[in-house]
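**Student:** Could you look at this predicted model? Sequence included:
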Amino acid sequence: MSRIEMIATAAFGLEALVAKELKQLGYKDQMVENGRVTFWGDEEAVCRTNLWLRTADRVLIKMGEFTATTFDELFEKTKALPWGDWLPEDAEFPVDGKSVKSKLFSVSDCQAIVKKAIVEKMKQKYKKSWFDEKGPRYRIEVGMLKDVATLTIDTSGAGLHKRGYRQLSTKAPLRETLAAALVMISNWPADRVLVDPFCGSGTIPIEAAIIAQNIAPGLNREFAAEQWANIPGSLWRSARQQARDEIKTNMELRIIGTDIDEDALSLSRYHAKRAGVGEQIHFQRQPFSELRSRFQYGYIICNPPYGERLGEVKEAEDLYKEMRRVFNTLETWSLFVITSHMGFERLFGRKSDKKRKLYNGRIQCNYYMYNGPKP
């Protein structure tokens, strides 16, 4: 097995969670930076991290990192990397790019230079002058940040938030990776009732059920690296079988999702069934104002409307005031709310015990945490 340097990319604010997940998988040799966690593993790690990471966006192979302030420098240093170790003769290798605060600010030029350098390296490796690119896909990215180029190959394909269960979505859906993060940050114990009173298409309850049952989030989808000769199919089969063996079956979960939109609830039930947790979640139509529970202790984890659009701010603010009234009837419960509204604590009428800056897509939010007493 080779020692491979890899990068798990993450939304800002989730890097520490991704690092924790990697450590739990056994990959403790790591470095945490903004938007990514660099770690080292082997070919098996490509399979296991894609299958198991709940809060990461992608798993990339890091081909190299170097300073480049001219296109000649970018070309020569890219060409010097061991592309032939990964790219087969028939590889399809599109090049994406981005540039931030770098002298080489033209992304299209950076992409073209990197593509040309890789082709020249492939000519040396395979002793031919033309490549059809009809084989497995190896998506390459050149990222320029403050004149430092990072060259990677994407092993995931579609982003890791695409678990495979959500085929349709409601307006302003929450990404599965962020929903999983909200549940994990809350430290919700699986023997406690969990309610999402604004469940939409069901992402938070579904991710909670998947976490509680220890279901690998990538178990029911495919990854780009499954087509690569470098990663034997036996490794993927073994990793998937191990993941199936580790599922906790016959768990009695008390997870409830409510919403006022019957169409959204219909989607929730459909998605939960596709995710294999349809029996573990109860979805029902209910206005938030009617939220009650016979359980003394529980968790509310929710993504209420933010009031991002003009004309919806007042509606969102009235809702936050209503949340305080409802939560007063559940004073022994814990409450976790993500919103971009900076006045949430004032409108809710209570300062949070903790808050954490997170991003819902490109929207900067705070995750407000109100911890109830322990039973």
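**Tutor:** That came in fine, so what should we check first?
**Student:** Residue 101: neighbour count?
**Tutor:** Applying other CB atoms under 10 Å, we find 10 residues neighbouring residue 101. Any C-beta I mention is one placed from the backbone N, CA and C, and that applies to glycine too.
**Student:** try the one 5 residues further on
**Tutor:** Using other CB under 10 Å, the number of residues around residue 106 comes to 14.
**Student:** in the sheet, who's paired with the residue nearest to it when sequence neighbours are not counted?
**Tutor:** The shortest distance from residue 106 to any non-neighbouring residue, by CB to CB, 6 or more residues apart in numbering, is to residue 99 (7.4 Å). Legend: beta-bridge partners of residue 99 under DSSP bridges are residue 144.
**Student:** hang on, isn't residue 99 packed against residue 109?
**Tutor:** No. Taking contacts as CB atoms under 8 Å, residue 99 lies outside contact range of residue 109: 9.4 Å.
**Student:** Quick check on the two: which one has the bigger neighbour count.
**Tutor:** residue 99 (18 against 14).
**Student:** low-scoring stretches of the chain, by residue?
**Tutor:** For the chain, applying pLDDT under 70 flags the ranges 1, 168-172, 308-311.
**Student:** buried ones in the longest helix along it?
**Tutor:** For the chain, the helix that runs over the most residues, judged by DSSP state H, is helix 107-126. Within helix 107-126, the residues scored as buried using 16 or more other CB atoms under 10 Å are 107, 110-111, 113-115, 117-118, 121-122.
**Student:** Could you export those to CSV, including columns for distance to residue 148?
**Tutor:** Converted to CSV, these look like this (distance: CB to CB, whole Å):
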residue, distance to residue 148
107, 15
110, 12
111, 17
113, 16
114, 14
115, 20
117, 17
118, 19
121, 21
122, 25
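**Student:** Show me the strands in the stretch 101-250 of the chain, by range?
**Tutor:** Assigned by DSSP state E, counting those that start in this stretch, the stretch 101-250 of the chain shows strands spanning 139-145, 148-154, 193-196.
**Student:** what does the last one contact?
**Tutor:** To tie it back to what came earlier, the one meant is strand 193-196. 188, 204-205, 208, 254-258, 291, 293, 295, 297-303 (CB atoms under 8 Å, 6 or more residues apart in numbering).
**Student:** One more pass at 6 Å, please.
**Tutor:** With contact meaning CB atoms under 6 Å, 6 or more residues apart in numbering, strand 193-196 is reached by 188, 204-205, 208, 254-257, 295, 298-302.
**Student:** now the nearest residue to residue 13 once chain neighbours are set aside: how far from residue 19?
**Tutor:** Spatial nearest neighbour of residue 13, chain neighbours left out: residue 358 (4.2 Å); criterion: CB to CB, 6+ apart. As judged by CB to CB, to the nearest Å, residue 358 and residue 19 stand 16 Å apart.
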